[in-house]
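*Asks:* need a structure here:
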Amino acid sequence: MNNNNVQRSFDMTVYLHKEEEHQFLNIDKQEYDLIIKYLGVKKIKVKSETGSVKLMDVDSTTVVSIN
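*Replies:* Purely as a prediction, here's the structure:
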């Protein structure tokens, strides 16, 4: 069975406290765990459109939204 609907990449938007945002598109799924781990170490707040990522630090001024 060929499953062509499997996503192999994800998009990420970084929102800065100065109402500035940066989008990163088509990031390989293999990088996902490393990016989430890095953001956790840096205590950066993370929001997920899929609901699979938890907030790392509610006091952070940088928010990363993963789609």
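*Asks:* where in this protein is pLDDT low?
*Replies:* Along the chain, the model assigns pLDDT under 70 to residues 1-5, 50-63, 65, 67.
*Asks:* let's see 80
*Replies:* Residue ranges of the chain with pLDDT under 80: 1-7, 17-18, 47-67.
*Asks:* now do the strands in this structure.
*Replies:* 9-15, 21-28, 45-48, 63-66 (DSSP state E).
*Asks:* next, format those as TSV and append mean neighbour count.
*Replies:* C-betas here are computed from N, CA, C, even on glycine. Compiled in TSV, the strands of the chain are given as follows (neighbours: other C-beta atoms under 10 Å):
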stretch	mean neighbour count
strand 9-15	16
strand 21-28	11
strand 45-48	17
strand 63-66	18
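*Asks:* format those as CSV; extra columns: distance to Tyr38.
*Replies:* Formatted as CSV, the strands of the chain follow (distance: least, C-beta to C-beta, whole Å):
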stretch, distance to Tyr38
strand 9-15, 12
strand 21-28, 13
strand 45-48, 11
strand 63-66, 10
